[in-house]
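> no sequence on hand, only this structure:
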């Protein structure tokens, strides 16, 4: 379980509440700090969608999950951006003040930022965006190795 979300509730794209204990177990997690008003975010989010979709299609069950942490200005802005541009991953509710702690913990001073973490919340890399752009799916293997979890990834 990714301890970083322990005791929290996450959302899926349908607006249903998801237990992070179940959803994130035995997975590498990308914490995606992003906002709809941010042009670099609008540029990177489709790239992340493709990466996520390819990865999920390649391994069953997928050993990667993304949790979107919004820097949008309102809950409505977050929902619109999440539904219009994001992949089928999870999100921290906009109203959850924990987002401020996460930004501080992972030194997020600007968006977009994709922080890749182990199950215990330790950082594998805070340069997920750069690595995906440069290496594509190949970067996932190094994240998985660093995460030290049981692997079923065949790529």
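Perfect, I can see it now. Keep in mind it's a predicted model, so treat the numbers as computed, not measured.
> assign a three-state SS to residue 67, would you?
strand (DSSP: H, G, I helix; E, B strand; the rest coil).
> report the contact partners of the nearest residue to it once chain neighbours are set aside.
Excluding the flanking residues, the one nearest residue 67 by C-beta to C-beta, 6 or more residues apart in numbering is residue 90, at 5.0 Å. In short, each C-beta sits where N, CA and C put it, glycine included. Applying C-beta atoms under 8 Å, 6 or more residues apart in numbering to residue 90 gives the contacts 10, 11, 12, 18, 20, 23, 65, 66, 67, 68.
> what is the nearest of those to residue 147?
residue 65 (11.8 Å; C-beta to C-beta).
> quick check, central residue of the chain?
residue 66 (2.5 Å; C-alpha atoms, centre = their mean).
> pull the number of nearby residues for the residue lying closest to it once chain neighbours are set aside.
Closest residue in space to residue 66, ignoring its immediate chain neighbours: residue 89 at 3.8 Å, by C-beta to C-beta, 6+ apart. Neighbourhood size, residue 89 [other C-beta atoms under 10 Å]: 22.
> residue 89 touches residue 65, doesn't it?
Yes - using C-beta atoms under 8 Å, residue 89 makes contact with residue 65 at a distance of 6.3 Å.
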